[in-house]
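Undergrad: Here's a sequence, model it:
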Amino acid sequence: MTRTSIDRDDSKRLMLFAGRTSRVLGETIAEKLGMELGDVTLKTFANGEIYVRFEESIRGADVFLIQSTSRPANDALMELLIMIDAAKLASAHRINAVIPWYGYSRQDKKSAPREPITAKLVAELLQAAGVDRVLTMDLHAGQVQGFFRIPVDHMTAIPLLVDHFLERQRTGELDNLVVVSPDAGRAKLANHVAEKLGASLAVLTKQRPEHNAAEITLLVGDVKGRDAILIDDMIDTAGTLVAGADTIRKAGARRIYAAAVHGLFSPPAFERLAGSAIEEIVVTDTVPLTPDAPTDLIKVVSVARILADSVHNVFCDESVSEIFAGENQLF
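TA: Numbering: from 1, shown residues only. Below is the predicted model of the structure:
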């Protein structure tokens, strides 16, 4: 009989549940922990309201709820909040929200008058619902951790992306590499990846005339005759990515690759990417690909092992940063 919980000698019990945006990832994490996902009913009424019921006792358990707040972002967030509330009312001992993609993280400060700081609002909603701890991955802005009054474990999937390209180097598929930051804000990340790959660094600068629109204004660095990797934490509508690829192609890059932790791919991302100069895009499964995704162009590496190890260490009161050798604190 397959377990739906892990018990410790001191009577602590781990139980794992997944929301509808992260069901497949949740099953993979459970498999790596040697257990099964717990049974939870999740459904949406005709008027859009969400219903949650845990179908087994979670009293006294350390409950881990896996849910990326990806598209439809508001439904996913509300479902997670209701799962937290249901777990609290069912007398769970500790409630841990595992949020591989933390939605609204781009709105981390006021860039103009009369704007909200929505990343902080989401943090307050999670805490008001009753969460005890948050595990998240590659936040768009690291300061989002400071919006919480509870522990936040900030994990990173950057080593997975680095390993993918190191393997391509070993096989001779990539040569004379340059890592390109899509904007000045990601230069630290791009420089870290460049050091790991033994590559040089280039930086693009951009401006945004409006939301989900980007204009490249300058390329700093040499890309001529080189294999270029555009690196970012996320890809949404792919406007920045495609504009950056066009710029470095015109500057003489030989082949162009792209990598990001979170592949949101909101429309019209696939249409833009299909006509771009990018040969391959590497993302993780923090956000599931839609059925119309061009799988010949997009390569997915899984974060399930990282998340499983993090869940295990949190449950056992062990260090999470040791899993990443401190790299999760760099960005």
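Undergrad: Mind pulling the model confidence for G221?
TA: You'll see G221 listed with a pLDDT of 91.
Undergrad: What about L139, how many residues nearby?
TA: Burial of L139 is recorded as 24 neighbouring residues (other C-beta atoms under 10 Å). C-beta: built from backbone N, CA, C; applies to glycine.
Undergrad: Now for it: which residues touch it?
TA: Counting by C-beta atoms under 8 Å, 6 or more residues apart in numbering, L139 touches 102, 105, 145, 154, 233.
Undergrad: Is it part of a helix or strand, or is it coil?
TA: Three-state call for L139 (DSSP: H, G, I helix; E, B strand; the rest coil): coil.
Undergrad: circling back to that earlier point, of all the contacts of L139, which comes closest to A18?
TA: Ranked by distance to A18 (C-beta to C-beta), the contacts of L139 are led by Y102 at 16.3 Å.
Undergrad: That closest one and Q145 touch, don't they?
TA: No - in this structure, Y102 is not within contact of Q145 by C-beta atoms under 8 Å, at 10.0 Å.
Undergrad: circling back: just flag the most distant two among the contacts of L139.
TA: Farthest pair in these (C-beta to C-beta) is Q145 and D233. Separation: 14.6 Å.
Undergrad: For stretch 137-150, what is the distance to the chain centroid?
TA: In terms of C-alpha atoms, centre = their mean, to the nearest Å, the gap separating the centre of stretch 137-150 from the centre of its chain is 13 Å.
Undergrad: where's M78, which helix or strand?
TA: Assigned by DSSP states H and E, M78 belongs to helix 73-89.
Undergrad: ok, now K299?
TA: Using DSSP H and E, K299 sits within strand 298-301.
Undergrad: what does S266 give?
TA: S266 belongs to no helix or strand when assigned by DSSP H and E.
Undergrad: Need the distance between the two termini of stretch 44-61.
TA: One end of stretch 44-61 to the other measures 26 Å (C-alpha to C-alpha, to the nearest Å).
Undergrad: Please point out which parts of that stretch sit buried.
TA: 50, 52, 54, 58, 61 (16 or more other C-beta atoms under 10 Å).
Undergrad: could these go into TSV alongside distance to F165, pLDDT and secondary structure?
TA: Formatted as TSV, the buried residues of stretch 44-61 follow (distance: C-beta to C-beta, whole Å; pLDDT from 0 to 100; DSSP: H, G, I helix; E, B strand; the rest coil):
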residue	distance to F165	pLDDT	secondary structure
I50	40	98	strand
V52	40	98	strand
F54	41	98	strand
I58	41	97	coil
A61	40	97	coil
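Undergrad: rewinding a little: closest to G130 among the contacts of L139?
TA: In terms of C-beta to C-beta, no member of the contacts of L139 lies closer to G130 than Y102, at 17.9 Å.
Undergrad: OK, contacts around the closest one?
TA: Y102 is in contact with 69, 119, 122, 136-137, 139-140, 144, counting by C-beta under 8 Å, 6+ apart.
Undergrad: how about the host helix or strand of R272: buried residues?
TA: Here R272 sits within helix 269-274, counting by DSSP H and E. Buried residues in helix 269-274, defined by neighbour count with 16+ other C-beta under 10 Å: 269-270, 272-273.
Undergrad: Packing partners of it?
TA: Packing contacts for helix 269-274, counted by 3 or more C-beta pairs under 8 Å, 6 or more residues apart in numbering; DSSP states H and E, involve helix 239-250.
Undergrad: Need the residues that contact the helix it packs on.
TA: Helix 239-250 has contacts (C-beta under 8 Å, 6+ apart) with 180, 182-183, 202, 204, 206, 212-216, 219, 223, 228, 230, 232, 235, 256, 258, 272-273, 276-278, 281.
Undergrad: Now the buried members of the residues you listed.
TA: For those, buried by 16+ other C-beta under 10 Å: 180, 182-183, 202, 204, 206, 214, 216, 219, 223, 228, 230, 232, 235, 256, 258, 272-273, 276-278, 281.
Undergrad: Just those: which are in helices?
TA: Counting by DSSP state H, these place 272-273 in helices.
Undergrad: mind listing which of the buried ones among the contacts of helix 239-250 are in strands?
TA: Applying DSSP state E to these, the entries found in strands are 180, 202, 204, 206, 216, 219, 228, 230, 232, 235, 256, 258, 278, 281.
Undergrad: Between these, which sits nearest M15?
TA: Proximity of these to M15 (C-beta to C-beta) peaks at I235, which lies at 33.1 Å.
Undergrad: how far away is the closest one from L264?
TA: When distance is defined by C-beta to C-beta, to the nearest Å, I235 is 6 Å away from L264.
Undergrad: just D175 next, same as before
TA: Here D175 is placed at a distance of 31 Å from L264 (C-beta to C-beta).
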